[in-house]
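A.B. asks: below are the sequence and a predicted model; questions follow.
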Amino acid sequence: MMLDKNWVPSHFSPARDVRKNRYGKSLVYFPSRKNHTQLICESHNEADMCLILEYLPAVTQYYIQPVSHTYNDGNKSHTYTPDFFIQCDDRSYFIEIKGGYSDQTSSYQRTLDNFAATASALGYGFEVFVLSDFPTDETLDNLGLLYSRSHQVTAFELRQLMQCLGTWNGPLTISLLLAHNPAPSMRAVCAAIFQQKLNCDLTSMLNLHTPLSGEVKHVEHNPRWPSLVCFNQSLSSHDI
């Protein structure tokens, strides 16, 4: 599957099968809600990116190992496959995740530049992310916890939580919500935080006494990202 005007992204035919020649290396199987399928990640960094893409509201769908591109520099052919193809409300773009910019040889950089030019001609963006672009605080661990604890939440559970919040007065924490009568489910609370219907400090480890609010403040975490939510209260109680 090569990148041209006839290319259509698909979850069922990735350009590169990451399961081949993986002896001694770990794969991460990620259950994607936005894509309604299980994705096979080549590394934990790719799985972290999946988690962030699930969290970002502007991202509607995304694909792993989406398409290949062949570039001939005059001496030899180079085949390149980006890590992700991301569809947002207002744009679509490819992403490559690297350990650092110093890891890129001049030949590899030319391949990336050629791919970026081809993608641009077809109306797609292309961005390279290094590991330092990922959050280094507790954000990813918290997102992973919220994502795993909110699986199979029902619309009824979320409505019950929203009705509870509609009449809430005073301080708001996870433990206070769970003590309410009728009590919302833990997975509904986790889903509401992950879906950004509730706001809290994700930079510190979540716990039952995490202060919550209904106000979500969007701040630039990285100017190249669609936008991450920044949370600004610190917690010190026991973990959930």
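C.D. replies: That came in fine, so what should we check first? Numbers count the residues shown, from 1 in each chain.
A.B. asks: looking at the protein, which helix or strand is least sure?
C.D. replies: strand 228-229 (a mean of 35; mean pLDDT, DSSP states H and E).
A.B. asks: what is the helix or strand where Tyr147 lies packed up against?
C.D. replies: Using DSSP states H and E, Tyr147 maps to helix 139-149. With contacts defined as 3 or more CB pairs under 8 Å, 6 or more residues apart in numbering; DSSP states H and E, the packing partners of helix 139-149 are helix 44-55, helix 186-194. Every C-beta, even on glycine, is put in place using the N, C-alpha and C of the backbone.
A.B. asks: now do the buried residues in the following helix or strand past that helix.
C.D. replies: Sequence-wise, the next helix or strand downstream of helix 139-149 (DSSP H and E) is helix 155-166. Residues 157-158, 160-161, 164-165 are the ones in helix 155-166 that count as buried (16 or more other CB atoms under 10 Å).
A.B. asks: distance to Asp133 for these - can I get that in a markdown table?
C.D. replies: A markdown table is the format used below for these (distance: CB to CB, whole Å):
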| residue | distance to Asp133 |
| --- | --- |
| Glu157 | 34 |
| Leu158 | 32 |
| Gln160 | 38 |
| Leu161 | 33 |
| Cys164 | 37 |
| Leu165 | 34 |
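A.B. asks: CA atoms of the helix holding Tyr147 as CSV?
C.D. replies: The C-alpha coordinates for helix 139-149 follow below in CSV (Å, rounded to 0.1, in the frame of the first residue of the first chain):
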residue,chain,number,x,y,z
THR,A,139,-0.2,12.8,33.1
LEU,A,140,0.3,9.6,31.0
ASP,A,141,-0.1,7.3,34.0
ASN,A,142,-3.3,9.1,35.0
LEU,A,143,-4.7,8.9,31.5
GLY,A,144,-3.9,5.2,31.4
LEU,A,145,-5.7,4.7,34.7
LEU,A,146,-8.8,6.7,33.6
TYR,A,147,-8.9,4.9,30.3
SER,A,148,-8.7,1.4,31.7
ARG,A,149,-11.2,2.2,34.5
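A.B. asks: hmm, who's touching it?
C.D. replies: Residues from elsewhere that reach helix 139-149 (CB atoms under 8 Å, 6 or more residues apart in numbering): 48, 51-52, 54-55, 134, 186-187, 190-191, 193-194, 202-203, 205-206, 228, 240.
A.B. asks: quick check: angle from it to helix 44-55?
C.D. replies: Helix 139-149 runs at 70 degrees relative to helix 44-55, counting by axes from the mean of the first three to the mean of the last three CA atoms, to 10 degrees.
A.B. asks: average pLDDT across the helix or strand Tyr108 falls within?
C.D. replies: Element membership of Tyr108 [criterion: DSSP H and E] is helix 106-121. For helix 106-121, the mean pLDDT works out to 90.
A.B. asks: what helices or strands is the following helix or strand past it leaning on?
C.D. replies: Downstream of helix 106-121, the first helix or strand assigned by DSSP H and E is strand 125-130. In terms of contacts (3+ CB pairs under 8 Å, 6+ apart), strand 125-130 is packed against strand 92-98, helix 106-121.
A.B. asks: re the thing from before, out of the buried residues of helix 155-166, flag the one nearest to Tyr93.
C.D. replies: Leu158 (30.7 Å; CB to CB).
A.B. asks: how many other residues sit next to the residue nearest to the closest one when sequence neighbours are not counted?
C.D. replies: In this structure, Leu158 finds its nearest non-sequential neighbour in Ala188, 5.5 Å apart by CB to CB, 6 or more residues apart in numbering. Using other CB atoms under 10 Å, the number of residues around Ala188 comes to 24.
A.B. asks: state the distance from Ala188 to Ser150.
C.D. replies: Distance of Ala188 to Ser150, given as CB to CB, to the nearest Å: 8 Å.
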